[in-house]
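Q: mind looking at a prediction? Sequence and model below.
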Amino acid sequence: MIPGSAVYHVVEAMAPLYTAAVLGYASVRWLKAFSDEQCAGINHFVALYAVPVLIFHMVSTNDPYHMNERLIAADTLQKVVILLVLMAWALWARFGRRRRRAAGDDGGKPAAAPDTAEASPLKWVVTSFSVASLPNTIIMGVPLLDGMYGAVSGGLMKQIVVTQFCIWYNVVIFLYEFMAAREGISAKINPAENAASLDDDESGGGGGVPADRSRRHEVTLNIEITEVAAPADETKAAIAVKELGTDGGVTKTEEAAPEVSPPAVPAQQAPPVMRVVWKAVKKLLMIPNTYASFLGLLWSLMAFKVGISMPKIVDDSLSIIHRTAVGLSMFASGTFIARQSRFVPCGYTIASLSMVLKFLVGPVIMLLASYAIGLHGTLLHIAVVQAALPLAVTSFVYAEEYKVHADIMSTGVILGIFISLPVTIVYYILLGL
């Protein structure tokens, strides 16, 4: 059984996180110390500076030559299975909507553009994948699993974090950039549809303010001006026809006026897939997280091979920044919740489903993946318990940065930290039977 000292160490790790979140909540809700723009600036600093430096620190200090291949393989298999299942669902939803549009059974609703139809499933793919497979391994995992399985678990947790930072967070960011690039290109191809779907984008963006709201407002304004000007032109044309059609006091407007058919609505065009992918790849290569992960991996390969260490002046300079990542991430999560109309922004139904995804679906898939790889004993227990850890704070930072279901991510982080301790203890007892 877990000793009481181990539980106390977990509480010690949790308390600072909630201190930062409560302080962020109070600063916005009661003290009114930060505006929306300032809150966005805090999250932007974390996404562009603090988290990339933290990634570099974690990857560069990990020994890539002494990693547990089977544990990494099981973790990779779990994430691949979850991602493939979610992508299959997204494709099924996309083609299902296309068939409904082709059959004309949308209930009289206007047909959405192809990119809009598939945008919502892809957003849910990213959100569900992050919730189910990206745990808070270092902050919560190290003290909790150290009390359960000893000091060996700390090194294993770090190895999982390194693979997440080098591979899976880059996959998540690519999907975010893919959606952003598709919406940007679609806005140029179908400006009218993009303006008409403004309300849908705002309601489906996780409570955040769209980054291109000003451009969409300008498009909407131009459409409204055109619609107002159109009746005026039609009135002038009718007067001219009436004057030309009057003969001997008898008006022949109906005979002279040509029958005008309503203008055809232009078909919505989907942006080319390869163009969207290429634009997303270029943006991914310019993001600090990509540089941080691969530069850290390059340094670790050289440092642990040759036996060199980073100069102290460089290490201390980076340490000052990366230590702010977790605290400011929780602070930003608190400010986000404070700006919402209710304490659980995504609603209790979505919150409950996300908890099931986090604490049941993810660990079960990890258990099956571990069996498939051949894990057993303590290594199997560590793999399953770490999959039941709460959602990583970094996932909220990216969701808020890209305005994709940030309400679900913030709820997952806050509630997940509360729920994770009893859930992981239950898994620890069941695996020990």
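A: Noted; the coordinates are in hand. Numbering: from 1, shown residues only.

Q: how many residues are close by the closest residue to Gly374 other than its chain neighbours?
A: The shortest distance from Gly374 to any non-neighbouring residue, by C-beta to C-beta, 6 or more residues apart in numbering, is to Arg70 (6.5 Å). C-beta coordinates here come from the backbone N, C-alpha and C atoms, glycine included. The tally of other residues near Arg70 (other C-beta atoms under 10 Å) stands at 16.

Q: check which helix or strand Arg70 maps to.
A: In the assignment (DSSP states H and E), Arg70 maps to helix 69-103.

Q: name the helices or strands packed onto that helix?
A: Applying 3 or more C-beta pairs under 8 Å, 6 or more residues apart in numbering; DSSP states H and E, one finds that helix 69-103 makes contact with helix 114-133, helix 152-163, helix 362-373, helix 378-387.

Q: what comes up buried for that helix?
A: Within helix 69-103, the residues scored as buried using 16 or more other C-beta atoms under 10 Å are 70-79, 81-83, 85-86, 90, 93-94, 97, 101.

Q: then stretch 169-176?
A: Those would be Tyr169, Asn170, Val172, Ile173, Phe174, Leu175, Tyr176, for stretch 169-176 by 16+ other C-beta under 10 Å.

Q: what separation do you get for Arg182 and His405?
A: Taking C-beta to C-beta, to the nearest Å as the measure, Arg182 falls 17 Å from His405.

Q: meant to ask about Phe34
A: 22 Å.

Q: how about Trp124?
A: Distance from Trp124 to His405, by C-beta to C-beta: 8 Å.

Q: who's more crowded, those two?
A: Comparing Trp124 with His405 by neighbour count (other C-beta under 10 Å), the higher total belongs to His405, at 29 against 18.

Q: so where is this structure shaky, pLDDT-wise?
A: Scanning the chain for pLDDT under 70 picks out the ranges 1-6, 104-120, 190-270.

Q: could you give the angle of the helix holding Arg70 to helix 152-163?
A: Going by axes from the mean of the first three to the mean of the last three C-alpha atoms, to 10 degrees, helix 69-103 is angled at 40 degrees with respect to helix 152-163.

Q: how far out from the middle of the chain is the helix or strand encompassing Ile320?
A: Secondary structure from DSSP H and E places Ile320 in helix 312-322. Helix 312-322 sits 29 Å away from the centroid of its parent chain (C-alpha atoms, centre = their mean, to the nearest Å).

Q: what's in contact with the very next helix or strand once past that helix?
A: Using DSSP H and E, the helix or strand that follows helix 312-322 in sequence is helix 324-338. With contact meaning C-beta atoms under 8 Å, 6 or more residues apart in numbering, helix 324-338 is reached by 16-18, 20-29, 34, 39, 42-43, 45-46, 50-51, 53-54, 139, 207, 343, 345, 393-394, 396-397, 400, 406-407, 410-411, 413-414.

Q: which residues does the spatially closest residue to Ala388 that is not a sequence neighbour contact?
A: Distance criterion C-beta to C-beta, 6+ apart; nearest residue to Ala388, sequence neighbours excluded, is Pro363 at 4.5 Å. The contact partners of Pro363, taken as C-beta under 8 Å, 6+ apart, are Val384, Val385, Ala387, Ala388, Tyr427.

Q: state the number of residues packed around Ala387.
A: Neighbours of Ala387 (other C-beta under 10 Å): 29.

Q: that one against Ala369, yeah?
A: No: counting by C-beta atoms under 8 Å, Ala387 does not reach Ala369; the two are 9.2 Å apart.

Q: what do those two both touch?
A: Joint contacts of Ala387 and Ala369 (C-beta under 8 Å, 6+ apart) are Gln78.

Q: could you dump the helices and strands packed on helix 69-103 into CSV and include distance to Thr61?
A: Shown next, in CSV, are the helices and strands packed on helix 69-103 (distance: least, C-beta to C-beta, whole Å):
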stretch, distance to Thr61
helix 114-133, 23
helix 152-163, 8
helix 362-373, 25
helix 378-387, 19
